[in-house]
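*Asks:* What follows is a predicted structure for the sequence shown.
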4 protein chains.
Amino acid sequence: MARITKDPEERKAEIMNTAEVLFSEKGFRNVAVSDIVKKVGVAQGTFYYYFNSKEDLLNQTLERSLDGITQNLNLIAEKTDMDAQQKLQSVLRLALLSGVGKQNMTEHLDNTQDNDMHNKLQEKFHEKFYPVVLNIVEQGIKEGCFVLDSYKEVTQILLLGIQGYMHAIYPCLKDRETVNEKMKAIEEVITKALGMKRDSIHLGI
Amino acid sequence: MARITKDPEERKAEIMNTAEVLFSEKGFRNVAVSDIVKKVGVAQGTFYYYFNSKEDLLNQTLERSLDGITQNLNLIAEKTDMDAQQKLQSVLRLALLSGVGKQNMTEHLDNTQDNDMHNKLQEKFHEKFYPVVLNIVEQGIKEGCFVLDSYKEVTQILLLGIQGYMHAIYPCLKDRETVNEKMKAIEEVITKALGMKRDSIHLGI
Amino acid sequence: MARITKDPEERKAEIMNTAEVLFSEKGFRNVAVSDIVKKVGVAQGTFYYYFNSKEDLLNQTLERSLDGITQNLNLIAEKTDMDAQQKLQSVLRLALLSGVGKQNMTEHLDNTQDNDMHNKLQEKFHEKFYPVVLNIVEQGIKEGCFVLDSYKEVTQILLLGIQGYMHAIYPCLKDRETVNEKMKAIEEVITKALGMKRDSIHLGI
Amino acid sequence: MARITKDPEERKAEIMNTAEVLFSEKGFRNVAVSDIVKKVGVAQGTFYYYFNSKEDLLNQTLERSLDGITQNLNLIAEKTDMDAQQKLQSVLRLALLSGVGKQNMTEHLDNTQDNDMHNKLQEKFHEKFYPVVLNIVEQGIKEGCFVLDSYKEVTQILLLGIQGYMHAIYPCLKDRETVNEKMKAIEEVITKALGMKRDSIHLGI
DNA sequence: TATGAATGAGTTTTCATTCAT
DNA sequence: AATGAATGAAAACTCATTCAT
């Protein structure tokens, strides 16, 4: 077959894009490397020139897809003109919204199919997200607008709860009304658990 | 090979026990049916005499391993001589403690290995646990000792958060001190999120 | 389970009846011994008390289902008040008609599924049918109403042709009109190949 | 094991050839894919690189084995310098002769073993053969050298009869004498059933 | 960089049959 | 006559990965 040489970066991106689509359609486990290369139009071996393994591809794909959010997350966190509560609100909205986006990587999967990928995504997300939020919480405590004791642990519990909750309710998020209702619940837990004094944060759309 | 006939219940339990051990050692995906039967000392066919598939075995095993807790959970929930706060405390302690026990099914796994089983267990656990807790929360609201709005959602978020948290910190639960520290965090979230008036619940050991 | 003892013949017949139904529904290969015993309501072992093997069951079942026709076939063949042509006609009608009946043992099968059974049936049928027809043909030659040289071979070819043809067209035999049309073709071949002088035989309905 | 790369076409042919031999020796059902690859000396996976399934291999093998005849069949059918009777004779000889050759795919089988393959071959053969012969018969009717009514059906019956007959007598075809005897029978049926005016066709060797 | 043929271990599942009771 | 638990061989297919070119 004709040998088509491309810019390596381009080629790699091509593979990752295709994989991302296939993974979200059929689940990591159910997508064979051969499926990916077939769709991209390259040889089996080419894949292994760019990635060490299928697992490696998954990692890179997930990593890449979190990079965007992470950057924005950090941007917010570093703002000096926002108080902790404002930051928290922004950061949560961003995460929740993009979470919905990220969802497209997993939404078609019934549970059995592909927990691997979903878990990994969750985990990686938590890894990026937790430090940022923790930072904000610390700021909030210093500023006196959050009041809580085991703030590290509580923050972790809250984030994990929200993540799990979002995962559980994704299928139900059809209309704005439902979304807002769910968001209200999240607001409530956060507000109370962080011991916010003033008014609560607002996440609805 | 010598044909050893046993009481069906016994044989089935034998298989399930062995499977439980192997699953926790190597992960569901990494245990072949052939591994199980080899260890039990029966023929491959015998396995399929008792279970429709490997998946079926997993379901039954998990189900069985939750049965005990579920019963106790319900026992507590139905008590008439405990107020909501007492019930909640008991129920959480039970879950947390047994959760530690349940851990033996997953403790040896590094993360990559076996999300299938773990997720399924989580899910099944949540299915059993959530209704019970929800009931208690409703009771607490009626009794006036819990104060919160979106109680259904908040309860769900809290439970998922705790589950996720427990999962995340299992490797760290070495000494009583650490455990108590983590428990304190859980107490704090719960107490605040449910808007408990009086003193908080206590989960430490 | 309750042990229900029955008259052996009855029990055996019960199994054969059930098997016949299942075979015709799903094909010999696709019916497991366990399916049969389950439906009959006896134990696996009971099956092997009555039959040496699954194959044995098939043979006996087919044999039994051909016995009826064979008897009738012989009855006709032995008549002394019919000439060869009349006999041939009767015999063919009988076979064709019962063939349609026999069809219920194979009609639901797509070709891949179960040629074993069908071939065996065909073969057994031919074994019973051929001698009878051959006999009639010989009579016809003596009587002078059939004129042909290699009568043994020609008879065989004709019968095999008809069998194959019937098999091929079974799916099309919806209405009387179609049937008659097909029968006419059979009449034509027979009449010509056997070199019948007088008018032809008639098989339509 | 040493990795030996070959021209794909060659490798595929190699597999098909080996399969053809094994199938004819032991029957399709009784040949495992592992048998084939072992004999060819390639890995199991290699097989599935070239064929989608064992069934697929069978189809391709049979198809290939009919290709030669089919081409010759058509060549004859399209001749303009032969009358229908000549064509029919040529076509039948070709089929009968090659049929004997084709026999190597099934000759070692006792009846139980392998109807799948044989039926499929028969069917595929009929599919190719029937249209050609039908065409010739139509030509013959136009030319006036064949006289019959339900020519389509009659042709089908004749071909199926001959096919079945050939199958039945293969084991007996030892010497030229026997063959000629059987051929004579075929000639007779054909000649009579098609209502040939002039002298009959001749198939002997 | 890229190809694509080749690898081969690994897995679930089916089912006819046996046999101790 | 009947049970039903137990057997175990067999078999098709998958797919991540390798490697000679």
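*Replies:* Looks like it arrived, so ask away. Residues are numbered from 1 along each chain as shown, chains lettered A, B, ... in the order given.
*Asks:* How about residue A:70: what's its closest non-neighbour residue?
*Replies:* Nearest non-adjacent residue to residue A:70, counting by Cβ to Cβ, 6 or more residues apart in numbering or on different chains: residue A:128, 4.8 Å away. Where C-beta positions appear, they are placed from N, C-alpha and C, glycine not excepted.
*Asks:* The one you found touches residue A:72, doesn't it?
*Replies:* No - judged on Cβ atoms under 8 Å, residue A:128 makes no contact with residue A:72 at a distance of 11.0 Å.
*Asks:* So those two - more neighbours on which side?
*Replies:* Ranked by neighbour count (other Cβ atoms under 10 Å in any protein chain shown), residue A:128 and residue A:72 place residue A:128 first, with 18 against 15.
*Asks:* mind listing what that one touches?
*Replies:* Counting by Cβ atoms under 8 Å, 6 or more residues apart in numbering or on different chains, residue A:128 touches A:66, A:69-70, A:73.
*Asks:* By neighbours, which of those residues wins?
*Replies:* residue A:73 (22 neighbours).
*Asks:* Residue A:178 - how many residues pack around it?
*Replies:* 12.
*Asks:* Spell out which parts of chain A neighbour DNA strand E.
*Replies:* A:1, A:3-6, A:8, A:11, A:42-46, A:48-49 (Cβ under 7 Å from any atom of the strand).
*Asks:* between those residues, which is closest to residue D:77?
*Replies:* residue A:1 (38.8 Å; Cβ to Cβ).
*Asks:* So for that closest one, what's the pLDDT?
*Replies:* pLDDT recorded at residue A:1 is 56.
*Asks:* now whichever strand or helix holds residue A:129 against helix B:115-143, angle please.
*Replies:* According to DSSP states H and E, residue A:129 maps onto helix A:115-143. Helix A:115-143 and helix B:115-143 are oriented at 50 degrees to each other (axes from the mean of the first three to the mean of the last three Cα atoms, to 10 degrees).
*Asks:* Do any residues in helix A:115-143 lie close to DNA strand F?
*Replies:* No - residues of helix A:115-143 contacting DNA strand F under Cβ under 7 Å from any atom of the strand: none, with a closest distance of 11.4 Å.
*Asks:* so how far is that helix from its chain's centroid?
*Replies:* Remark: helix A:115-143 is offset 10 Å from the chain centroid, using Cα atoms, centre = their mean, to the nearest Å.
*Asks:* What is whichever helix or strand comes after that helix packed up against?
*Replies:* Next in sequence after helix A:115-143, counting helices and strands by DSSP H and E, comes helix A:151-169. For helix A:151-169, the elements it packs on are helix A:84-103, helix A:115-143, helix A:176-193, helix B:151-169, helix B:176-193, judged by 3 or more Cβ pairs under 8 Å, 6 or more residues apart in numbering or on different chains; DSSP states H and E.
*Asks:* in chain A, which segments are predicted with low confidence?
*Replies:* For chain A, the stretches flagged by pLDDT under 70 are A:1-3, A:99-116, A:198.
*Asks:* For it, what lies in contact range of chain B?
*Replies:* Counting by Cβ under 8 Å from any Cβ of the partner chain, chain A comes close to chain B at A:111-112, A:115-116, A:118-119, A:123, A:148-150, A:152-154, A:156-165, A:168, A:181-182, A:184-186, A:188-189, A:192-193, A:195.
*Asks:* Relative to residue A:134, how far out is the closest residue to residue A:150 other than its chain neighbours?
*Replies:* Sequence neighbours aside, residue B:185 is the residue nearest to residue A:150 in space, at 3.8 Å (criterion: Cβ to Cβ, 6+ apart). Remark: distance between residue B:185 and residue A:134 (Cβ to Cβ, to the nearest Å) = 13 Å.
*Asks:* higher neighbour count, those two?
*Replies:* Neighbours per residue, other Cβ under 10 Å: of residue B:185 and residue A:134, the larger number sits with residue B:185, 23 against 15.
*Asks:* I'd assumed residue A:160 was in contact with that one.
*Replies:* No - using Cβ under 8 Å, residue B:185 makes no contact with residue A:160, being 11.7 Å away.
*Asks:* Which neighbours do the two have in common?
*Replies:* residue B:165.
*Asks:* Can you report how many residues lie near the closest residue to DNA strand E within chain A?
*Replies:* Residue of chain A nearest DNA strand E, by Cβ to the nearest atom of the strand: residue A:45 (1.6 Å). By other Cβ under 10 Å, 8 other residues sit near residue A:45.
*Asks:* Which single residue of chain A ends up nearest chain B?
*Replies:* Taking Cβ to the nearest Cβ as the measure, the point where chain A comes nearest chain B is residue A:161, at 2.4 Å.
*Asks:* so what's that residue up against?
*Replies:* Counting by Cβ under 8 Å, 6+ apart, residue A:161 has contacts A:189, B:157-162, B:164.
*Asks:* now do residue A:152
*Replies:* Taking Cβ under 8 Å, 6+ apart as the contact definition, residue A:152 lies against A:134, B:185.
*Asks:* closest to residue C:174 among the contacts of residue A:161?
*Replies:* Nearest to residue C:174 among those, with distances taken as Cβ to Cβ, is residue B:160, at 61.1 Å.
*Asks:* and the gap between the spatially closest residue to the closest one that is not a sequence neighbour and residue A:88?
*Replies:* Of all residues not flanking residue B:160 in the chain, residue A:164 sits nearest, at 3.2 Å (Cβ to Cβ, 6+ apart). According to Cβ to Cβ, residue A:164 and residue A:88 sit 19 Å apart.
*Asks:* Tell me which of those two has more neighbours.
*Replies:* Taking neighbours as other Cβ under 10 Å, residue A:164 and residue A:88 compare with residue A:88 leading, 25 against 22.
*Asks:* And the more buried one, how close does it get to chain D?
*Replies:* Separation of residue A:88 from chain D (Cβ to the nearest Cβ, to the nearest Å): 54 Å.
*Asks:* Do I have it right that that residue meets residue A:140?
*Replies:* Yes - Residue A:88 is within contact range of residue A:140, at 7.0 Å (criterion: Cβ under 8 Å).
*Asks:* can you list residues touching both of those two?
*Replies:* Common neighbours of residue A:88 and residue A:140 are listed as residue A:194 (criterion: Cβ under 8 Å, 6+ apart).
*Asks:* if we can go back for a sec, which members of the residues of chain A next to chain B are classed as buried?
*Replies:* A:115-116, A:118-119, A:148, A:150, A:153-154, A:156-165, A:182, A:184-186, A:188-189, A:192-193, A:195 (16 or more other Cβ atoms under 10 Å in any protein chain shown).
*Asks:* thought residue A:138 was touching residue A:145?
*Replies:* No - using Cβ under 8 Å, residue A:138 is not in contact with residue A:145, being 11.8 Å away.
*Asks:* In three-state terms, label residue A:42 for me.
*Replies:* coil (DSSP: H, G, I helix; E, B strand; the rest coil).
*Asks:* Neighbours of it, how many?
*Replies:* By other Cβ under 10 Å, the residues close to residue A:42 number 21.
*Asks:* State the number of residues packed around residue A:59.
*Replies:* That count, for residue A:59 with other Cβ under 10 Å as the rule, works out to 15.
*Asks:* Nice, that's everything, thank you.
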